[in-house]
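# Quick one, fold the following:
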Amino acid sequence: MDKKKVIIFGSNGLVGKSLNRILSVSDKVSELIPSTREDTDLFSIEQTKNTIEKTNPDIVINAAAKVGGIYANDTKRTDFIIENLKINLNILEACIPNNKIKIINLGSSCIYPLKAKNPIKESSLLTGKLEPTNSAYAIAKIAGIEIGSSMNKQYGHSVINLMPTNLYGPDDNFSEKDSHVIPGLIYRMHNAKINKEDKFSIWGSGKPLREFLYVDDLSHAVEHFIDKNNSEELLNIGSGEEVSIDYLAKLIKEIINYDGKLTYDLTMPDGNPRKLIDSSKIRSLGWKPKIDLEKGIELSYESFLKNVN
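Numbering: from 1, shown residues only. Model prediction:
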C-alpha cells in the first residue's frame, strides 16, 4: 500500500482531534501533520501557502471552520461568513501550484435548501433558499465546494467534499449559547443538575427532527477516502437515524441522571422542522457508521466530565 503524507488544518477542534485519533494509527498514513491556528494563521494566504510548501503533503484535510449552534449562527452572521470564506479560500488557493495534492474538504449539511425534500440528496444543492438562521455559514461552505470543483476542472486537483450531518463527540464545544444542540444540552442540563434546578428549558418547541453523527464515524469516512481515487465531488455522511429534539433532550436527561422537569422556550427559533440527509452514495462506497446515538452521547458526557472536574 502506498502510504500518504497527510496534513490536517483545524486539528484542534472537534473534528480535528478526532482525525488525529483515527489517522495517527491508520495504516494508510505515512506521516500525519496536525496544524492548529497557532501553527498556521489561515486568515493569511502567505502563511497558508508557506505551510503547504514546507510540508509538501499528499493529502490536505480542511477541517478548519468557525462553527456554532443556531444562536451563534444567527447572531454572529458577519463573523461566520467572513472567517469561513477566508479559511476555505486560503487553503484551496495555497494548493493550486501542486495539482498532485488531494483535498478532502469537510463541510456541513446546512448547505442544502430549507425546503429540500427529505432525505436530502447531494443533487439538492443550490435548488432553493437556505435556512435563514445559518445561511451565512452555509454560503461560505458552498463557496468552498465551488472553488474545489473549479480547481478540479481547471488544474486537475482531486477534491472530495464530505458533508456530514450534525456532529458531536469528545472535545466538543460545551457552552451555553455557542454550542451545537447536543453539547449545548449536555452543558446546560449538567449545570441544572449540579445547581439542583427543578426545571430545564429546551430552546424551541422540541418538535424539529434532526440527524446526528458521532465524530469518529466522520473520521473513519475520511480515512476510507485517503487511498481512493474517487470521482464523487460531493458526498453526504449521516447516521440515517432522525430523532426529535424532545427525544434527544429526554435521552440526555437519562444519561446525565437529571430529575427536573423539561419545559419549552417558544421564544427561541426552531430552525428547519426536519432534516435527514441521504447517505446512500457513501454507503455504496463501503462506509457505514459504527456508534449509535445513545453510546455516542455517553462518550461525549464522559469527555465533558473529564474537562469540568
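# For stretch 80-89, C-alpha coordinates in CSV please.
The C-alpha coordinates for stretch 80-89 follow below in CSV (Å, rounded to 0.1, in the frame of the first residue of the first chain):
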residue,chain,number,x,y,z
PHE,A,80,-19.3,33.3,10.3
ILE,A,81,-19.4,34.2,6.6
ILE,A,82,-16.1,36.3,6.5
GLU,A,83,-14.0,33.9,8.6
ASN,A,84,-15.2,30.7,6.9
LEU,A,85,-14.8,32.3,3.4
LYS,A,86,-11.2,33.3,4.3
ILE,A,87,-10.3,29.8,5.6
ASN,A,88,-11.7,28.0,2.6
LEU,A,89,-10.2,30.4,0.1
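# where are the low-confidence patches of the stretch 101-250 of the chain?
Within the stretch 101-250 of the chain, the set of residues satisfying pLDDT under 70 comprises 231-232.
# can you give me the strands in this structure?
Remark: strands assigned in the chain by DSSP state E are 4-9, 29-35, 59-62, 102-106, 158-164, 166-168, 199-203, 209-214, 234-237, 242-244, 261-265.
# Let's have these in a markdown table, adding mean neighbour count and distance to Leu19.
Just so you know, the C-beta spots here come from the backbone N, C-alpha and C atoms, and that holds for glycine as well. Output for the strands of the chain, formatted as a markdown table (neighbours: other CB atoms under 10 Å; distance: least, CB to CB, whole Å):
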| stretch | mean neighbour count | distance to Leu19 |
| --- | --- | --- |
| strand 4-9 | 23 | 5 |
| strand 29-35 | 18 | 8 |
| strand 59-62 | 26 | 6 |
| strand 102-106 | 24 | 9 |
| strand 158-164 | 23 | 11 |
| strand 166-168 | 22 | 12 |
| strand 199-203 | 17 | 30 |
| strand 209-214 | 22 | 13 |
| strand 234-237 | 22 | 14 |
| strand 242-244 | 17 | 26 |
| strand 261-265 | 13 | 35 |
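# okay, those strands in a markdown table with distance to Ser124 next?
Formatted as a markdown table, those follow (distance: least, CB to CB, whole Å):
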| stretch | distance to Ser124 |
| --- | --- |
| strand 4-9 | 27 |
| strand 29-35 | 32 |
| strand 59-62 | 22 |
| strand 102-106 | 18 |
| strand 158-164 | 11 |
| strand 166-168 | 17 |
| strand 199-203 | 27 |
| strand 209-214 | 15 |
| strand 234-237 | 10 |
| strand 242-244 | 16 |
| strand 261-265 | 30 |
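# so which of the ones you listed comes closest to Lys121?
strand 234-237 (7.6 Å; CB to CB).
# by contact count, what packs against the closest one?
With contacts taken as 3 or more CB pairs under 8 Å, 6 or more residues apart in numbering; DSSP states H and E, strand 234-237 sits against strand 158-164, helix 215-225, helix 280-284.
# could the ones you listed go into TSV alongside distance to Gly148?
Output for the helices and strands packed on strand 234-237, formatted as TSV (distance: least, CB to CB, whole Å):
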stretch	distance to Gly148
strand 158-164	4
helix 215-225	14
helix 280-284	17
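# right, and those - which one's nearest Ala249?
Nearest of the helices and strands packed on strand 234-237 (CB to CB): helix 215-225, 20.4 Å.
# what are the C-alpha coordinates of that closest one, in CSV please?
Output of helix 215-225 as CSV, limited to C-alpha atoms (Å, rounded to 0.1, in the frame of the first residue of the first chain):
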residue,chain,number,x,y,z
VAL,A,215,-17.5,12.5,15.1
ASP,A,216,-15.2,9.4,14.9
ASP,A,217,-17.6,8.0,12.2
LEU,A,218,-16.8,11.0,10.1
SER,A,219,-13.0,10.5,10.7
HIS,A,220,-13.3,6.9,9.5
ALA,A,221,-15.0,8.1,6.4
VAL,A,222,-12.0,10.5,5.8
GLU,A,223,-9.7,7.6,6.3
HIS,A,224,-11.7,5.5,3.8
PHE,A,225,-11.0,8.0,1.0
